[in-house]
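Participant: Make a model of this:
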Amino acid sequence: MSDDVTSTRTLEPTTAASTAVVSGAPIAAAAGNADAMSAAKESLEDYTLRFAPRSYRKWSAGVVATSALGGIAYLADFSIGANIGIAYGTVNAILGIIVAAVIIFATGFPLAYYAARYNIDLDLITRGSGFGYYGSVVTNVIFATFTFIFFALEGSIMAQGLELGLGVPQWLGYAVSTIIIIPLVIYGMKTLATLQVWTTPLWLLLMVVPVGYLVISHPESIDSFFAYTGESGDGGPNLASVMLAAGVCLSLMAQIAEQIDYLRFMPPKTAENKGAWWRAVILAGPGWVLFGAIKQIVGLFIAIYLIATLDPAASVHANEPVHQFLGVYQEMMPAWLAMTLAVVLVVISQIKINVTNAYSGSLAWTNSFTRITKTYPGRMVFVVVNLVIALILMESNMFDFLNTILGFYANCAMAWVVTVASDITINKYLLKISPKVPEFRRGMLYAINPVGFVSMLVSAGVSIAVFFGAFGSAVQPYSPIFAVLLALVLPPVLALWTRGRCYLRRIDDGIDLPMFDADGNPSDAKLLCHVTGLEFERPDMLRSAQDGPDGEPQYISSLALSTDKSGTLVLPASER
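Facilitator: Take a look at the predicted model:
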């Protein structure tokens, strides 16, 4: 993508751009709208808080998909697969991985489609899919939690590699793995896309070759793999063990939000590119879980090889990816080269995923903070906040409690993602109660919509209670089932009960221009925001509640409206 592309342009000063009118009295816009201007200038790169305009989206579908899939280079999958396999045996672990993958794919598809079609992130989708303008803040916190948990996990893995290969103490390795990410996430999507595209070939080579070598040179390892029974010694199919394994894997459900942070930059879907467009959306959207499931199984395979073939005592480190790949590399090459490649793989993988974790986490925190306080502190503030929390988790040695942390978190992630997927699939398309076009702009939505908000709280609360044994040990392993089923059923029930009256505060945004072009893509027509003096594309705009000096209509961007502390720019609710 050309670096000189911009989606908004600063206009020459005008009366409308330089002043805002409240009750007939002009006020200096520079003083009253500093947050709006700050947000507008910074978000030209990453489009924090808002719709990603067409004039910025110059990547091809293939580049967007490659960038999105670069974010799943994380090594946590290898640890997750090893942990659940060691605990429950190969058969139960694989079945659990498959169950989780099916659920994640099915629920991720409608979310990925909406992100790519309407060019908005998951927070903006969530607002109009049953949660309301402020109701989706709680889901942002859930997602931000996901990013710092997995940042900490990947940082721990990198620290293990640095300690093993270079003798760096783990506490220092944690700090190094955190600090090196900061300069890489300053410039947003352009830098991330370049990083992901250029590092993917080397990452694939270091990942695939050792596994292929192991299978070809040690075919007996396959028999050992399927015969492994786990710590319990009873590795036969067991529904409780399968669901416990699936619960850990389902903690990755929120990964779809990080995929969407890339998919929102998809090009418009046209008759000429629809094949490539759909392939990219499916592969880089819900399709990420196919690669994740493969990595989990491979992680388990290598761990069992280390335990059964090399040294039974290797189980102490068999769940650590750096030891997994080092063990296989040492079968292929001299020890010094094996160590070098193992460390390189760990460092590349950690950087590829943690730039995405830091970037997506900063967007989530910024969205929430700005909506609640009407103040925009800058995305980089929350990059630092997210990384500090992750560093604290690393220094607390979270790696030793991985299964428990992920199992608990999975209940929250499932409740959120399945609720949104249910609203899109059932309420929007089947029942046609929820507005089909996702709405995200302040003033168009009610503050809180009980359809999604209550559904998520109930499904998360019940499943967490089950997870911690509130309903007895017999049902404890099945907390994922409670989370998924409740989040699937409650949105249509509540939508029917409320008759869909809690979705839209207004039906008309006051602008006569069509929202979409002839192909159904968001329009690229531009309108002037009278608060910031910048032009924004049609889907990002509303009519302002303040008319111009001569009574003419004025328009305001969703970005400026989100930082309006007075509330005088928000259109009144419409009559039903």
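Participant: check contacts around residue 291.
Facilitator: Residue 291 sits next to 69, 72 when contact means Cβ atoms under 8 Å, 6 or more residues apart in numbering. From N, CA and C alone the C-beta is placed, and that goes for glycine too.
Participant: Could you tell me the phi and psi values at it?
Facilitator: phi -70, psi -40 (degrees, to the nearest 10).
Participant: so what pLDDT did the residue nearest to residue 129 when sequence neighbours are not counted get?
Facilitator: Spatial nearest neighbour of residue 129, chain neighbours left out: residue 423 (4.2 Å); criterion: Cβ to Cβ, 6 or more residues apart in numbering. pLDDT recorded at residue 423 is 97.
Participant: Hmm, residue 423 is touching residue 450, no?
Facilitator: No. Checked against Cβ atoms under 8 Å, the pair residue 423 and residue 450 is beyond contact range at 12.0 Å.
Participant: Of these two, which one has the most company?
Facilitator: residue 423 (32 against 19; other Cβ atoms under 10 Å).
Participant: Residue 296 - nearest residue in space that isn't next to it in sequence?
Facilitator: Excluding its sequence neighbours, the residue lying closest to residue 296 (Cβ to Cβ, 6+ apart) is residue 81, at 3.3 Å.
Participant: In which helix or strand does that neighbour reside?
Facilitator: Element membership for residue 81 (DSSP states H and E) is helix 76-88.
Participant: May I see the buried residues of that helix?
Facilitator: Burial within helix 76-88, assessed by neighbour count using 16 or more other Cβ atoms under 10 Å, is assigned to 76-88.
Participant: how distant is it from the center of its chain?
Facilitator: Helix 76-88 sits 22 Å away from the centroid of its parent chain (Cα atoms, centre = their mean, to the nearest Å).
Participant: If you count contacts, what does that helix end up packed against?
Facilitator: On a contact count with 3 or more Cβ pairs under 8 Å, 6 or more residues apart in numbering; DSSP states H and E, helix 76-88 meets helix 90-118, helix 137-166, helix 239-249, helix 288-305, helix 321-332, helix 402-422.
Participant: Next secondary structure after the first one?
Facilitator: The reference is to helix 90-118. Criterion used, DSSP H and E; the element after helix 90-118 is helix 122-126.
Participant: do the same with the second one
Facilitator: The first helix or strand that comes after helix 137-166 along the chain, using DSSP H and E, is helix 170-179.
Participant: Over to the third one?
Facilitator: Once helix 239-249 ends, the next helix or strand along the chain (criterion: DSSP H and E) is helix 255-263.
Participant: and that next one, C-alpha only, in CSV?
Facilitator: Listed next in CSV are the C-alpha coordinates belonging to helix 255-263 (Å, rounded to 0.1, in the frame of the first residue of the first chain):
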residue,chain,number,x,y,z
GLN,A,255,-8.7,-14.5,18.7
ILE,A,256,-11.4,-13.8,16.1
ALA,A,257,-11.4,-10.2,17.4
GLU,A,258,-7.7,-9.9,16.5
GLN,A,259,-8.3,-11.4,13.1
ILE,A,260,-11.1,-8.8,12.6
ASP,A,261,-8.6,-6.0,13.4
TYR,A,262,-7.1,-6.9,10.1
LEU,A,263,-10.2,-8.0,8.2
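Participant: Name the surrounding residues that touch stretch 341-353.
Facilitator: 70-76, 150, 154-155, 157-158, 160-162, 164-166, 177, 180-181, 184, 195-196, 199-200, 202-203, 206-207, 321-322, 325-326, 329, 333.
Participant: ok, now with 7 Å
Facilitator: Contacting residues not belonging to stretch 341-353 are listed as 70-71, 73-75, 154-155, 157-158, 161, 165, 177, 196, 199, 202-203, 206-207, 321-322, 325-326, 329 [Cβ atoms under 7 Å, 6 or more residues apart in numbering].
Participant: Repeat that for stretch 138-157.
Facilitator: 74-76, 123, 126, 131, 174, 177-178, 254, 257, 321-322, 346, 350, 353-354, 357-358, 360-361, 364-365, 367-368, 386-387, 389-390, 393-394, 398-399, 405, 409, 412-413, 416.
Participant: How far away from the center of its chain is it?
Facilitator: For stretch 138-157, the distance to the chain centre is 10 Å (Cα atoms, centre = their mean).
Participant: could you give the mean pLDDT of it?
Facilitator: In this model, stretch 138-157 has an average pLDDT of 83.
Participant: Okay, buried residues for it please.
Facilitator: 138-140, 142-157.
Participant: Need the nearest residue in space to residue 466, chain neighbours excluded.
Facilitator: That would be residue 479: by Cβ to Cβ, 6+ apart, it lies 4.1 Å from residue 466.
Participant: Quickly find the element holding the one you found.
Facilitator: helix 479-498.
Participant: Check residue 223 too.
Facilitator: Element membership of residue 223, judged by DSSP H and E, is helix 220-227.
Participant: Mind giving me the packing neighbours of that helix?
Facilitator: Packed against helix 220-227, as judged by 3 or more Cβ pairs under 7 Å, 6 or more residues apart in numbering; DSSP states H and E, are the following elements: helix 288-305.
Participant: rerun that using 8 Å as the cut-off
Facilitator: With contacts taken as 3+ Cβ pairs under 8 Å, 6+ apart, helix 220-227 sits against helix 90-118, helix 189-217, helix 288-305.
Participant: Adding mean pLDDT and distance to residue 517 as columns, could you present the ones you listed in TSV?
Facilitator: Output for the helices and strands packed on helix 220-227, formatted as TSV (pLDDT from 0 to 100; distance: least, Cβ to Cβ, whole Å):
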stretch	mean pLDDT	distance to residue 517
helix 90-118	94	12
helix 189-217	73	23
helix 288-305	90	29
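Participant: Compare those and give me the one nearest residue 373.
Facilitator: Evaluated with Cβ to Cβ, those place helix 189-217 nearest to residue 373, the distance being 25.3 Å.
Participant: before we move on, back to that, how about the helices and strands packed on helix 220-227, which one is nearest residue 553?
Facilitator: Per Cβ to Cβ, nearest to residue 553 of these: helix 90-118, 24.9 Å.
Participant: Which of the residues in that closest one are classified as buried?
Facilitator: Those would be 90-101, 103-105, 107-118, for helix 90-118 by 16+ other Cβ under 10 Å.
Participant: can I get the helices and strands packed on helix 220-227 in CSV with distance to residue 527?
Facilitator: As requested, those are exported to CSV (distance: least, Cβ to Cβ, whole Å):
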stretch, distance to residue 527
helix 90-118, 18
helix 189-217, 24
helix 288-305, 36
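Participant: among these, which is nearest residue 500?
Facilitator: Nearest of these to residue 500, taken as Cβ to Cβ: helix 90-118 at 18.1 Å.
Participant: Report the inter-axis angle for that closest one versus helix 76-88.
Facilitator: Using axes from the mean of the first three to the mean of the last three Cα atoms, to 10 degrees, the direction of helix 90-118 lies 150 degrees away from that of helix 76-88.
Participant: Wait, a strand at residue 528?
Facilitator: Yes. Using DSSP: H, G, I helix; E, B strand; the rest coil, the assignment for residue 528 is a strand.
Participant: pretty sure it is touching residue 553, no?
Facilitator: No. Between residue 528 and residue 553 there is no contact, the gap being 11.0 Å when judged by Cβ under 8 Å.
Participant: Between the two, tell me which one has more neighbours.
Facilitator: Higher neighbour count among residue 528 and residue 553: residue 528, with 19 against 13, using other Cβ under 10 Å.
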